[in-house]
Structure formats: C-alpha cells, structure tokens
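Undergrad: Structure of the sequence below:
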Amino acid sequence: FEASLQSWRRLAIPAASALLATAAAVFALAVIAKLPLLRQTALAVALGLVAVVIVNGSLLPLLLSRVGTTGKPRSASGGRDLLAPLVAIGGAVTGWVPAIGVLIVAAMIFGGSAWQSRELPAGLAADQAGFPSASRYPADAAAIARQFPHSAHRLTVRVSTAPDSCTRAETLEQVDRLAWQLANVPGVSGTASLPQATRRVLTAFSEGSPKFRVLARNRETLTQAIAPIPVENRLFNGDCSELPIQLFLNDERPVTLAALAERVTAFNGSNAAEFYDIHKDVDAAYCALQRKARTDPGSLTKAQARLDLGLACPVQAELAGGPAGQRLAAREALADVSVQALIGLLAVLALAVWWLLGDAASVIAILVPTVLATVVMQALMSLLGLPITAVGLPQLVALLGVSLVANLLLFSDLRQSMAGGAAVALAWTRSLD
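TA: Have a look, this model is predicted:
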C-alpha cells in the first residue's frame, strides 16, 4: 500500500493533472467548434481522457497494492544500452557552448517548420471523407476529377451590384477586369463570366469576326447579346443584381485559395477608390447604405428610406460557392478553430504546470519542447500532404497533452536529482535510467 501511495504522489498526480488539463482544452474545442463532426469527435476524446484518468487513477493503485505482482522486472541493462546515445547526447549539451549551438539549431528548425506549416491543408474532399482507400467511390470520384477538372475544382466569386446591371457597360467592365485578374492567379485554369459570354455572342452575330469580340457600350446591343444566355448558366441572377464569376482551378491548395482571396480583397479596394474618384456624387457611406437597402430594407430609418439610392456604385466581390467554395468555407472554419485549439491547449497546460511546479522557468522548460514538436509535426504533415481533419484535430490536441505528461515526469525527476546536488548531466542520466 505504501508503495502504491508513493507512486501515486510522485507520478499519478502530475500525469492526471496534465491529462485533465488536456481534456478541458479538448472540451473547449467541442464548445467553440462549428463543424458537427469536429464537435462530436472532440467531445468523445475529452470524455475518453477523463475516463482514462478516473479508471487508471482508481484501479491501478488498488490492483498493485491488493493483488500484487508475481513477475520479476526485466534487467535495466538492455534498456540502458538502447538509451545510451540519448543519455550521451543529453549529457554533452549541458555545457554553455553546446547548449547555445543546440538552441540555434532548434530556432532554425522552428523557423523552417513554421514557414512550411503555412501550406498545411485542412480537411478532406467531401467525396473522400470517411471512405477507406480501397473503396470504389473515392476511386471513381478521383477519376472524374482527373477527366473533368472544371466540375471538381470550381469556385464561384459572387459579384454584387444594383439590379438591372446586366446591360450596364460600366458594371460589366468592372466584372471583366476582376475576371481577368483572377484568371492570372497561379492555379486558375479558366474563368466564365457574363462579359465573356456577351463577347462570344456579339462575335457570333457579326459572322465570327474577331474585331467585334469587345464589350459593347450601347445598352440595346448588350440587351441583344444577353438574350441568348440562359439564367441556368449561373452568370447572372433573375434581376441582374448578381453577376458571378466561375473559376476553374487546377487544385485546391491553400496557397491558391489564399491568393484568390487576397486578389478579390485587393480588387474591392482599388476598384472602389477608382470609382469614387470618377463619380464624385457617391461615396463609401452612400454605397454601404444602398447595399443595406437591398439586403435588409427593414433596418433603414425613415430618413434613410426617403433618400435616393438609385445612383451607381462599384461592384462588391467575395468568394462564395461552388464545390471548391463549400470546401473552402469548411477548411477555413477548421483552420481557424485549429489555431484556437492549439493556443488554448498551450495556455491550459501552462496553467497546469504553473500550478504543479510553481515557477515560470518550469513552464518554459516543459512547454518549449512541446511547442517545437508541434510545429515540426505540422511541417511534416504539410510535406507529406496530410491534412488536419475534423476527426484528427481533437486527437492531435490529445496527443500533445499526453506528450506533455512525459515531459512533466522527466522534468520532475531531473529537478529532484538536481535538488539533491547532482549536476545536470548526472541528473539526466539518472532520469533515463
């Protein structure tokens, strides 16, 4: 009984505290998660960690003290031989000069891994999630994607404007300029927009002459050019207040999607500034009020409702839908919550270590290796093309918490040996013995 009690005080309390702190962080992830699958998985992992602490903490000491063991422990010489290189390295880097070198190398690894982690994908394609690799459906979906890439990697850019804008040359010119900019983003194989379609129709009306492949300025000519284009092509909506641009992508890498989002944001700013510089009768406040009147007219005050809101305003673009757009939205939500989860986990674990050990130096010594291992792991996942998924993120957070338990126990042994007067190298050797 005394041996079980001593083991509990020495090992179980720090380990249980770290695991419970990890469970709290995973449970917080389940609370803030917007994706149902992520919320369910995080809740299951949190409950599993709590169950491990309760069951092991109550049954293991009881069984060891009452049932006893009959086996003899294996000689430590074999394990000591296996750990000999690690012991030697740990003892060698305790001097100032080797320690500085190790810190410089660790900083370089951290910087390179953090840079590589920028391209870490989030989520799986919707047609492959949950299927084993040998299933027929993912193979068929991949074959369709290879043969018909425009249908698999399609992203819609929503361009909002005033009603009846399909025949306004100035509006079409803005949409056409944005489509041209997006077509030149690496990873975009093609675009489809209403200005492009009107050019083709006008060229066909003029015996295919390429000199007519331009945007007409005349409203009646534009009306004639738009007439053969069906609404089902999704190049405009019923009242011509939405003029979407369809983007066909070669892939859905985070770099490509981030470049598209950046280009759309930059276009909104530069296009609005140019428009307001030409049209002095409108400004950003007027156009914001105009959009509010279209989307939520009930929120206008009586004075705002009496204003003339029929003047032209610049188009407003945003990444919207399509197969790639839907996956992009889910990935962005998963990427955002993954950062919050890792930061929250580190904060909770820092508080737990502070509560157990009581000083900032211990928190730094224990958490820095964990942070470095996390960033390196993300970099390796990025290099291998392994995405962070809604199922994998809670397990990743739990894995980091479990790894902290090992760091905490090792640090406790090191500090106990050093408190007894042992040098760092000797304390390291004793901790791994």
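Undergrad: hey, let's count contacts and neighbours off CA atoms from now on
TA: OK.
Undergrad: Go through the helix or strand hosting residue 402 and flag the buried ones.
TA: Residue 402 belongs to helix 392-419 when elements are defined using DSSP states H and E. By neighbour count on 16 or more other Cα atoms under 10 Å, the buried set for helix 392-419 is 393-398, 400-402, 404-405, 407-415, 417-418.
Undergrad: Give me the mean pLDDT for that helix.
TA: For helix 392-419, mean pLDDT rounds to 74.
Undergrad: With stretch 239-249 instead?
TA: Rounded mean pLDDT across stretch 239-249 is 88.
Undergrad: repeat for stretch 354-365
TA: What stretch 354-365 shows for mean pLDDT is 77.
Undergrad: Endpoint to endpoint, that stretch covers what distance?
TA: 11 Å (Cα to Cα, to the nearest Å).
Undergrad: Would you mind confirming that residue 251 is in contact with residue 153?
TA: Yes - with contacts counted by Cα atoms under 8 Å, residue 251 reaches residue 153, the gap being 6.5 Å.
Undergrad: Same drill for the two, tell me which one is more crowded.
TA: residue 153 (21 against 17; other Cα atoms under 10 Å).
Undergrad: pretty sure that one contacts residue 253?
TA: No - using Cα under 8 Å, residue 153 is not in contact with residue 253, being 10.6 Å away.
Undergrad: Could you tell me the angle between the direction of the host helix or strand of residue 380 and that of helix 392-419?
TA: Using DSSP H and E, residue 380 sits in helix 360-384. Orientation note: helix 360-384 sits at an angle of 140 degrees relative to helix 392-419 (axes from the mean of the first three to the mean of the last three Cα atoms, to 10 degrees).
Undergrad: buried stuff in helix 360-384?
TA: Buried residues in helix 360-384 (16+ other Cα under 10 Å): 362-363, 366-367, 370-376, 378-379, 381-382.
Undergrad: so what secondary structure elements neighbour that helix?
TA: helix 96-116, helix 322-357, helix 392-419 (3 or more Cα pairs under 8 Å, 6 or more residues apart in numbering; DSSP states H and E).
Undergrad: To residue 24, which of those helices lies closest?
TA: Closest to residue 24 of the helices and strands packed on helix 360-384, according to Cα to Cα: helix 322-357, at 7.9 Å.
Undergrad: For residue 23, see how far away residue 355 is.
TA: For residue 355, the distance to residue 23 - Cα to Cα - is 17 Å.
Undergrad: Kindly report the same for residue 153.
TA: From residue 153 to residue 23 the distance is 38 Å (Cα to Cα).
Undergrad: got it, and residue 274?
TA: Distance, residue 274 to residue 23, by Cα to Cα: 53 Å.
Undergrad: One more: residue 302?
TA: 53 Å.
Undergrad: Equivalent analysis for residue 296, please.
TA: For residue 296 relative to residue 23 (Cα to Cα), the value is 43 Å.
Undergrad: Of those two, which one has the most company?
TA: residue 23 (28 against 11).
Undergrad: where's residue 23, which helix or strand?
TA: helix 13-32.
Undergrad: What mean pLDDT does that helix get?
TA: 73.
Undergrad: what's in contact with that helix?
TA: 38-43, 45-47, 49-50, 53, 57, 337, 341, 344-345, 348-349, 352-353, 356, 394, 397-398, 401-402, 404-405, 408-409 (Cα atoms under 8 Å, 6 or more residues apart in numbering).
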